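Chemist: Got a predicted model here, sequence first, then my questions.
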Amino acid sequence: MSIFLGIDIGTSGTKTIAIDVAGNILASATAEYPLSHPKPLWSEQDPEDWWQATIQTVRQVLSTPEVSADQVQAIGLSGQMHGSVFLDVNDKVIRPALLWNDQRTAAECDEIEQRAGGREKLIEMVANPALTGFTAPKILWLRNHEPENFERLRKVLLPKDEIRRRLTGEYATEVSDASGMLLLDVKNRQWSKPLLSALELDESLFGKVYESEEVTGTLKPEVADLLGLPASCKVVGGAGDCAAGAVGNGIVETGVVCTSLGTSGVFFFHSDTPEVDPQGRLHTFCHAVHGKWHMMGVNLAAGGSLQWFRNALCAHLKEVAAQEGKDPYELMIEEAKQAPAGSDGLLFLPYLAGERTPHADPMARGAFVGLTMSHSRGALTRSIMEGVTYALRDSLTIVEELGVEVSEIRATGGGARSPFWRQMQADILGHSVVPTTSEGGGAAYGVALLAAVGAGAYQDITEACRATIKTGPACTPNSEAKAYYDRAFPIYQSLYPALKQSYQEIGGLTE
Ligand code: ADP
């Protein structure tokens, strides 16, 4: 029996899983590590913690009776995107890695736009605008603020690619994760020479770029001994956690898109061509599917809005839920079901943490609009769920403007656990919505499948996903509810422009 490992270097911990060729999960292990915030806006981790967690979880998975180590043929790597591992000439880590959620680089983002010749030019070169979380501004921050460390810098690797280096000795990355560095010519799937030159960064700082299923090396003999794996075990490119999670849910062909209602909300779709939103509202990255791309819209407070409401205004439900052995969200949704579709004319704007798509505006805030004496708490809950789903529809609208035909929406993330919210997605988005029931679903599962492709078990990742990923029963739009939401959506869309100026002024009040 052939076995494949998927290792996901997450922010709170590392998860390793083992699957067989049919996609059954044979074993899974996680190990956590700390996140440090030495100053406001800073977010760092020690790459050594990732390595120790990798060793621990791989060994734990291999110790499971279902997994015989000598049958492990290949490993796929996934991880938190955008992080910067700075290495010196001896491959020593120069300073802790700056992570995706580190916000110290606003000045460097401006510098990048300026050196690139403006925001539009930058989007032309690397398909995306400069965001503080991306990797390129972190490198410039090192040069601007820690010149003695920059002097020693020989390589910059992404988190999972540092683990690859420790496993195989190779400096390599793959297209999906490299897209989030803001240094990849996403259309041509190679480092952007014009941008590197404008930023005065040498291409030798970066690893060789592979496609996600390509073999990037085999285990170093001493590492194979340390982990208890065969030295012939291959390591494939893998993917950044967004693309890897999409693969784990089968989002590998045109028309099948995915919504994720976690703390943040994501609308993710596959594209055969490198479409770029000239306004930069959607991210365009290389996909983990060979020669293909993906785009995504991001809402910063999706499930997070419902979580806020639970904590701020439904605290008593926690006690009731504990007594009845239920989840507080279930009780909240029972109340929401009592309100009609459209929550009796109540609209909610889910901009509790500012917004990314479609309004890149950190000053945006949440709002209930249309409150009357008759609104119950259930109506508030329902309008929050509707507002979050309208925000997903904003991304869908941009996607459709780009000419993409959507045939099916796969619902993922904590919010997709609720059949009521899945039906609401179908009614508001106007498409059939299905949950994935594959055991995996996550990023580690997606890269374990890529490992199976790299080892030759499948011809390509599309074939692997078709063979392994199963979906649950579909929710189809209810025509009455859909008709209502189609009328309400333009009103929802008109609210942000109406409030934009006030948001700025409110921000000024609380400075
Ligand atoms: P994270 O993004 O933090 O990994 P999850 O994907 O687990 O989180 O999603 C968490 C969110 O999912 C919560 O904030 C909540 O809005 C939503 N959620 C969790 N459980 C339920 C449920 N039973 N019904 C509806 N929504 C839920």
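Modeler: Alright, I've got the coordinates.
Chemist: residues contacting Val85?
Modeler: Pro47, Val93, Ala97, Val156, Leu157, Leu158, Pro159, Asp161, Glu162 (CB atoms under 8 Å, 6 or more residues apart in numbering). All C-beta atoms are positioned from the backbone trio N, CA, C, and that covers glycine.
Chemist: Output these in CSV; the columns should cover neighbour count and pLDDT.
Modeler: Formatted as CSV, the contacts of Val85 follow (neighbours: other CB atoms under 10 Å; pLDDT from 0 to 100):
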residue, neighbour count, pLDDT
Pro47, 21, 98
Val93, 15, 98
Ala97, 25, 98
Val156, 25, 98
Leu157, 27, 98
Leu158, 29, 98
Pro159, 29, 98
Asp161, 28, 98
Glu162, 29, 98
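Chemist: Could you provide the residues you listed in a markdown table, with additional columns for distance to Arg119 and secondary structure?
Modeler: Listed next are the contacts of Val85 as a markdown table, based on distance: CB to CB, whole Å; DSSP: H, G, I helix; E, B strand; the rest coil:
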| residue | distance to Arg119 | secondary structure |
| --- | --- | --- |
| Pro47 | 32 | helix |
| Val93 | 33 | strand |
| Ala97 | 27 | strand |
| Val156 | 24 | strand |
| Leu157 | 28 | strand |
| Leu158 | 24 | coil |
| Pro159 | 28 | helix |
| Asp161 | 28 | helix |
| Glu162 | 31 | helix |
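Chemist: how close does the residue in the stretch 251-400 of the chain that the ligand sits nearest to get to Tyr496?
Modeler: Of all residues in the stretch 251-400 of the chain, the one sitting closest to the ligand is Gly262 (2.4 Å; CB to the nearest ligand atom). The gap separating Gly262 from Tyr496 is 22 Å, by CB to CB, to the nearest Å.
Chemist: re the thing from before, of the contacts of Val85, just say which sits nearest to Ser197.
Modeler: Val156 (16.5 Å; CB to CB).
Chemist: what about the closest residue to that closest one other than its chain neighbours, distance to the ligand?
Modeler: Once flanking residues are discounted, Val156 sits nearest to Leu205: 5.2 Å by CB to CB, 6 or more residues apart in numbering. For Leu205, the distance to the ligand (CB to the nearest ligand atom, to the nearest Å) stands at 32 Å.
Chemist: Model confidence score at Leu205, please.
Modeler: If you check Leu205, the pLDDT there is 98.
Chemist: and the longest helix seen in the chain, how far from the chain's centre?
Modeler: Secondary structure assigned by DSSP state H gives helix 479-509 as the longest helix of the chain. Using CA atoms, centre = their mean, to the nearest Å, the mean C-alpha position of helix 479-509 is found 26 Å from that of the whole chain.
Chemist: Would you mark the buried spots in that helix?
Modeler: Buried residues in helix 479-509, counted by 16 or more other CB atoms under 10 Å: Ala481, Lys482, Tyr484, Tyr485, Ala488, Phe489, Tyr492, Leu495, Tyr496, Leu499, Tyr503.
Chemist: With stretch 463-474 instead?
Modeler: Ala464, Cys465, Thr468, Ile469, Thr471.
Chemist: Pass me the low-pLDDT residue ranges in the chain, would you?
Modeler: Counting by pLDDT under 70, the chain contains low-confidence ranges at 438-441, 511.
Chemist: can you list the residues of it near the ligand?
Modeler: 261-263, 303-304, 306-307, 327, 329-330, 333, 413-415, 417-418, 421 (CB under 6 Å from any ligand atom).
Chemist: swap the cut-off to 5 Å and go again
Modeler: Gly262, Thr263, Gly303, Leu306, Gln307, Asp327, Tyr329, Gly413, Gly414, Gly415, Arg417, Ser418 (CB under 5 Å from any ligand atom).
Chemist: In terms of helix, strand or coil, where does the residue nearest the centre of the chain fall?
Modeler: The chain has Cys242 as the residue nearest its centroid, 3.3 Å off, counting by CA atoms, centre = their mean. Each residue gets one of three states, and Cys242 gets helix by DSSP: H, G, I helix; E, B strand; the rest coil.
Chemist: Can you verify my assumption that it contacts Phe268?
Modeler: Yes. The criterion here is CB atoms under 8 Å, and Cys242 meets it with Phe268 at 7.0 Å.
Chemist: Quick check: neighbours shared by the two?
Modeler: In contact with both Cys242 and Phe268: His294, Met296, using CB under 8 Å, 6+ apart.
Chemist: Next, the residue of the chain most remote from its centre: phi, psi?
Modeler: In the chain, counting by CA atoms, centre = their mean, Met373 sits farthest out from the average C-alpha position, at 40.0 Å. The phi/psi pair for Met373 (degrees, to the nearest 10) reads phi -60, psi -20.
Chemist: Identify the bridge partners of Arg410.
Modeler: According to DSSP bridges, the residues that bridge with Arg410 are Cys258, Val434.
Chemist: doesn't Ser432 make contact with it?
Modeler: No. With contact defined as CB under 8 Å, Arg410 does not count as touching Ser432 (10.1 Å).
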